[in-house]
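> Generate coordinates for the sequence data below:
(chains A and B)
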Amino acid sequence: MFFKLVLKNASKSVKDYLVYFLTLMFGVCLFYLFNSIDAQTVMLKIDESQKEILKTLVKVVGYVSVFISVILGFLVVYANGFLMKRRKKELGIYMTLGMPKRKISAVIIFETFLIGLLSLAAGIAAGIFLAQGMSAVTAKLFEADLSQFVFTFSKDAFWKTLVYFGVMFLVVVAFNTLSVSRLKLIDLLSAGRRNQRLRIGRLWVSVVIFLVSVGCLAASYHLIETNGMIQFTPEFAASLALGSVGTLLFFLSLSGFLLRVVQSNQKLYFKNLNMFVLRQFNSKINTTFVSVSVICIMLLITIGTLSTGMGISNALSKDLRQSTPYDVSFSAYVGDGVQRKSSNIEQNLKKSGINLADWADRYAQINFYVSDFTYGAFFQKSDWPKELGNFDHSAGATRVNAVSLSDFNKVRKMRGEPPVSLKQDQYGVSCTIDSLLSLYEKNRKTGKKISFGGKSLVPAAAEKAVLMNGYGSFGDVIVPDALLRGRTSVTTILNLNYKPGVNGEAFLKKVKAIHLSAPEQPYDFYDSKAELCARSVGYKVMVSYLALYIGLVFLIAAAAVLALQQLSESSDNAERYGLLRKLGAEEKMVNRALLAQIALYFLLPLSLAIVHSAVGIDVANRVITDVGNMDVLGNIVMTAVIVLAVYGAYFLATYLGSKSMIRQKNLYRRTE
Amino acid sequence: MERILKVEHMEKYYGTRGNVTKAVDDIGFEVGKGEFVGIMGASGSGKTTLLNCLSTIDTVTAGHIYLEGTDITSLKPGRLSRFRRTKLGFIFQDFNLLDTLTAYENIALALTIAKTPPLEIDVRVRQVARALEIEEILPKYPYEISGGQKQRVACARAIVTKPALILADEPTGSLDSKSSRMLLESLEALNGDLQATILMVTHDAFTASYCRRILFLRDGKIFNEIVRGQDTRKQFFGRIIEVQTLMGGENGDVL
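Modelled structure (predicted):
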């Protein structure tokens, strides 16, 4: 009998449960999908460094999943609470019929179990299916060979999903049992009657609060712009705090403010059902502004992670071409704690039996010397670009490296560029950062002198040059060779490009073997273009997968909460819409009012989230631009497509569901 | 007297073949302009069904209903809402005011639905509020005013669109006796001063005694009809009770 009741209930309330069920399924699916990356990639033929990155990715996904499961857990408990509220009358009938609370709890538990089991099964099935597609995408990203299709199934991810969601459902069961035990019959039966007291504050108060909130947000934006998202300073914390408070106040006061504005225009206020829609919106905001604010922040996280996450990964790979101009760069350091006597890599390798000329087409060695001044010799603290960090702690405390003009020209020659020349009293600068290049150019114009080895030098043109693979520098000073004579170089760099037809991997293998076996290591480390590229692809996959995982979960969680809120609201409002019809409002008019009401709820948090993220992306972009260029537009378009598709689907489902709900309470039958 | 409403052989059946309930069984009557007609009957006598059919929120099984010459039983659904908002005014037992709107806005709502030019709305709301003596409570929300005041706001909403016919469904059903009296006096005034045509459904003899004419329904049929004529309200009340006793007596379930 109970079993029958449960089944009947579940199938009857399928409409109520649909959004919840689909969200749950989607959550389970994402959870399985990203936790099974390990199994998906096990058969891929990729190199060691990429395997390492994948291992890291799996680990990070594991940590993130804990966090994600907390988010999904909240969603499940919240959604379930909503659905329970909608069924108070039904539970009341059970109680009047004399069903003990224990049995009611049993019915509810069984229902939760049923829905949970179904969504788990469907979600995991969808996850397994999508995992096959994802492994193909991963393979493609890694440019790995995927000639034979292997069906992957991750037992670990399967069990992990079961356990995590199982725990979630247990929590839900606990909540439900608790709420059933607290039920009072009188409340249940009169649950249909809405005797909720409306507290509608004075309108001018909301206008004042609205202005305050806009002020808070503006201050928050200003602080984050000045902070530049580089360091966690009090400014940064203040920006976050002001932003959160501003968002809360914004949604608390927005409806009142809107109402005030529209009321002042009678033509607009009395047009169609505008008055009704605004009043409806205003009446609910006091209870929903917190959740709307949370949804706004969640959307911000979604938009932020999707657009910048992808952006960072693109910037990393795009930048690679610029930052790794050589096939291999070696570097060696001489000084305290190093056994090596000479930093001459070419000779060191020769001693170990590798003649570079056999492998390399072109190669060049550069010696770095340490000067006796810091970047304070070039820049004022006030001119220093904020996104490069605190001047006093970085550039202001760092000695500038020096290279000789002939070494620098060797690099240029290797890259097929004409040599530069310096007069005996001139210095040049080689730098990789655009914003600093313009400052050096300013120095050249003002003729800012430096003193090197007791000699005063005037500036020549600054050059943008990458002196080794992956090299980033605030600037290295280039001086005439004579000034470095007698000094000992601390670090030496050797760049080389392979001869055509040379197997780079074989070369590096040989070099590595020597590095490990020789009593005196010929170099400290090397960066090969091939390995850097492989690693960069790995990072790209890692960052974009993490961004997708976090972004999508936040997106569905936010959209689902909104959808459930609006669906439950619509069923509460069915009588109001019924009244509008009785008063002669056309179906079209009523539907438009419903659409406007739902659209307000969906669009407002999204709009503010877009404004928030526009500021965030702008700042983040400036940070990333220093590393590499971010394809802002492309990422924004892609993020917009994802957000609009998922959010739009929830919006549409909510509207259609609400429409059928307000129509269900049939006009032709008295509802009392 | 100009005829506003004419009901001809109206029938409304519920149920399927073999088990038919005749909620309204071949009813016919007319209401003239400026009349204040009551419809009385016990629960299940078909008075609510009749009202629902008149207000176009339910359809008839057979027969015709003419309002100002239009046969509303043959109107297409698309025209019905237009008909409702231009020709009919509603007063419900439980007021049916929107709790999110102020009294003023509740009244204005009927006008915005009827697509009245926005600039005209204020004038008309204030006019009708003055007539019903509810000007002071206009800026208040329904939860801030008494039941009687709510029902007068509902009256104002019903009359503000200047409908051909006002349909009142147990308007005093949720009110105490003092509020009921005030409301009925308002309705009387609307009927007398503003020439509003009112059709009121009630089962309460006191409420019905404010009408000029009463139709008694029983088991879906018109059982009796009495006209107040020159009677005082007290005398009319006595006659209503007589008819009720007669109806009850025949039924055998009233002592």
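
> Please make it C-alpha for all contacts and neighbour counts, starting now.
Fine.

> how about the helices of chain B, start to end?
Ranges of helices in chain B, per DSSP state H, are B:47-54, B:77-87, B:103-113, B:118-131, B:147-159, B:177-193, B:205-208, B:233-251.

> Then the stretch 451-600 of chain A?
A:504-517, A:529-582, A:587-627 (DSSP state H, counting those that start in this stretch).

> Give me the below-cutoff pLDDT ranges for chain B.
Applying pLDDT under 70 to chain B flags the ranges B:1, B:249-255.

> switch to 50 and redo it
For chain B, the stretches with pLDDT under 50 are B:252, B:254-255.

> out of everything not next to it in sequence, what's closest to the residue in the stretch 151-255 of chain B that chain A sits nearest to?
Of all residues in the stretch 151-255 of chain B, B:A158 sits closest to chain A, at 8.7 Å by CA to the nearest CA. Distances taken as CA to CA, 6 or more residues apart in numbering or on different chains put B:G89 closest to B:A158, at 4.2 Å, once the chain neighbours are dropped.

> What parts of chain B come near chain A?
Residues of chain B lying near chain A by CA under 8 Å from any CA of the partner chain: B:52, B:57-58, B:78, B:80-86, B:89-90, B:96, B:98-101, B:105, B:108-110, B:112-115, B:117-119, B:121, B:143.

> So A:G584 versus A:Y333, what's the distance?
87 Å (CA to CA, to the nearest Å).

> cool, and A:R321?
Distance, A:R321 to A:Y333, using CA to CA: 26 Å.

> Mind checking which of the two has more residues around it?
A:Y333 (23 against 14; other CA atoms under 10 Å in any protein chain shown).

> Please verify my assumption that the more buried one contacts A:T491.
Yes - using CA atoms under 8 Å, A:Y333 makes contact with A:T491 at a distance of 4.4 Å.

> any common contacting residues for these two?
Counting by CA atoms under 8 Å, 6 or more residues apart in numbering or on different chains, the residues touching both A:Y333 and A:T491 are A:S343.

> Show me the shaky parts of the stretch 451-600 of chain A.
Of all residues in the stretch 451-600 of chain A, none has pLDDT under 50.

> contacting residues around whichever residue of it sits closest to chain B?
Closest contact between the stretch 451-600 of chain A and chain B, by CA to the nearest CA, is at A:G584 (4.2 Å). Each residue near A:G584 by CA under 8 Å, 6+ apart is listed here: B:L80, B:S81, B:R82, B:F83, B:R84, B:R85, B:T86, B:I113, B:A114.

> From those residues, list the buried ones, please.
For the contacts of A:G584, a burial check counting by 16 or more other CA atoms under 10 Å in any protein chain shown picks out B:L80, B:S81, B:R82, B:F83, B:R84, B:R85, B:T86, B:I113, B:A114.

> Take those residues and lay them out in a markdown table including distance to A:V42.
Converted to a markdown table, the buried ones among the contacts of A:G584 look like this (distance: CA to CA, whole Å):
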| residue | distance to A:V42 |
| --- | --- |
| B:L80 | 67 |
| B:S81 | 66 |
| B:R82 | 68 |
| B:F83 | 71 |
| B:R84 | 70 |
| B:R85 | 70 |
| B:T86 | 73 |
| B:I113 | 65 |
| B:A114 | 68 |
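
> A:A596: which of these is nearest?
Within these, distances to A:A596 taken as CA to CA reach their minimum at B:I113, with 16.0 Å.

> Which residue is the nearest non-sequential neighbour of the closest one?
A:A585 (5.5 Å).

> So that neighbour is in contact with B:R85, correct?
Yes - using CA under 8 Å, A:A585 and B:R85 qualify as a contacting pair, with a distance of 7.1 Å.

> what touches both of the two?
B:I113, B:A114.
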